[in-house]
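Colleague: with the sequence up front, the predicted model follows.
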Amino acid sequence: SGRVRFEDVHFRYHPDRPILEGISLEIPAGQKVAVVGPSGAGKSTLSRLLFRFYDVDQGRITIDGQDIRAVTQDSLRRAIGVVPQDTVLFNESIAYNIAYGRPEATPEEIREAVRLAHLEDFVSRLPKGLDTVVGERGLKVSGGEKQRIAIARMLLKDPPILVFDEATSSLDSRSEKAILAALNEVAARRTTLVIAHRLSTVMDADNIVVLENGRVIEQGTHLELLARD
Ligand code: ADP
Ligand code: ADP
């Protein structure tokens with residue numbers, strides 16, 4: 001389960017400026033789709049519509065055939081996990097940040113999430129390991145580490161659908177590889193929408209959607225897209 005469909009979706013923030021103009025796309029259950037396109041194309045707007053931060057003006061979005069407007073906010077929140085571009089961390093321990101919203105998570109489960117999110121090296125360098133406090137009043141955490149903490153959180157949350165908004169900030173190639181590996185762990189067997197900024201992420205997706213000016217201008221596997229050019 002977890003099949004996502006956008007059906008002729010139209011959306012505007014302001015009446016005089018259309019942002020999405022008839023988006024149709026399908027993410028089969030368990031597949032990973034990368035959305036690419038220039039800044040301002042409407043990529044983030046797609047993800048905001050999926051978790052109903054805003055509602056579509058026309059058309060519909062379905063999960064397993066059901067209009068998302070027909071499900072409760074609670075079940076939508078359970079169904080969709082979001083890894084934002086810039087994760088805000090609490091001034092609390094790494095363990096707290098990872099297990100946020102999952103009071104039942106055991107220390108073993110947290111350690112396993114740390115391993116799969118490729119955070120082991122990071123945690124082993126911290127004075128108090130998973131108990132180290134992060135954030136403004138604690139340890140500074142890089143953008144790449146923040147995203148991996150958010151990925152670890154998603155491994156515990158275990159939603160059928162994942163939205164990953166890849167950071168645009170530049171990362172060293174080691175962090176990039178670690179994030180891609182972590183993303184692949186959390187995306188495995190999950191329906192995943194990636195707002196992609198890196199070529200490696202795009203090449204790794206089952207399908208690529210190219211968005212421009214609020215329209216899908218190309219769609220296919222990377223081999224199909226290469227063959228068309
Ligand atoms: P992308 O993620 O592809 O860079 P966005 O979906 O963030 O694009 O934005 C698409 C367009 O919508 C941009 O022109 C952006 O300025 C505009 N936009 C985004 N969010 C808002 C908002 N909350 N209110 C008004 N316009 C917005
Ligand atoms: P992103 O596309 O990753 O969300 P942006 O820089 O486009 O990053 O937007 C940052 C925030 O500002 C978002 O919450 C977005 O909704 C809002 N935003 C973007 N463009 C506009 C706009 N033209 N008017 C109002 N809010 C906007």
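Modeller: Received it, and whenever you're ready, just let me know what you need. What you see is a predicted model, and the numbers here were worked out from it, not measured in a lab. Ligands and ions are numbered 1, 2, ... in the order given.
Colleague: Gly144 against Ser175, yeah?
Modeller: Yes - between Gly144 and Ser175 there is a contact under CB atoms under 8 Å: 3.8 Å. Glycine gets a C-beta too; all of them are placed from N, C-alpha and C.
Colleague: can you tell me the SS state at Thr201?
Modeller: Secondary structure state of Thr201, per DSSP: H, G, I helix; E, B strand; the rest coil, is helix.
Colleague: next, count neighbours for it.
Modeller: 21 (other CB atoms under 10 Å).
Colleague: residues contacting it?
Modeller: By CB atoms under 8 Å, 6 or more residues apart in numbering, the contact set of Thr201 is Ala34, Glu166, Leu180, Leu183, Val194.
Colleague: nearest residue to the second one other than its sequence neighbours?
Modeller: Right, Glu166. Distances taken as CB to CB, 6 or more residues apart in numbering put His197 closest to Glu166, at 4.7 Å, once the chain neighbours are dropped.
Colleague: for the chain, which residues score under the pLDDT cut-off?
Modeller: 229 (pLDDT under 70).
Colleague: which parts of it sit against ligand 1?
Modeller: Residues of the chain lying near ligand 1 by CB under 6 Å from any ligand atom: Tyr13, Ile19, Gly37, Ser39, Gly40, Ala41, Gly42, Lys43, Ser44, Thr45.
Colleague: and the second one, that one's in a strand?
Modeller: Read it as Ile19. Yes - counting by three-state DSSP, Ile19 is part of a strand.
Colleague: hmm, back to that, what helix or strand is the residue nearest to Glu166 on?
Modeller: Element membership for His197 (DSSP states H and E) is empty, with no helix or strand holding it.
Colleague: hmm, Ala167 and it touching each other?
Modeller: Yes - under the criterion of CB under 8 Å, His197 makes contact with Ala167 at 7.3 Å.
Colleague: same drill for these two, tell me which one is more crowded.
Modeller: Neighbour count, other CB under 10 Å: between His197 and Ala167, Ala167 has more, with 22 against 17.
Colleague: quick one, phi psi at Gln108?
Modeller: Let me fix one detail, which is that residue 108 is Glu and not Gln. Glu108 adopts backbone torsions of phi -60, psi -40, taken as degrees, to the nearest 10.
Colleague: distance of it from Gln85?
Modeller: According to CB to CB, to the nearest Å, Glu108 and Gln85 sit 30 Å apart.
Colleague: quick one, which of these two is more surrounded?
Modeller: Each of Glu108 and Gln85 has its neighbours counted (other CB under 10 Å); Gln85 has more, 17 against 8.
Colleague: now Leu49: closest residue in space that isn't a chain neighbour?
Modeller: Val56 (5.7 Å).
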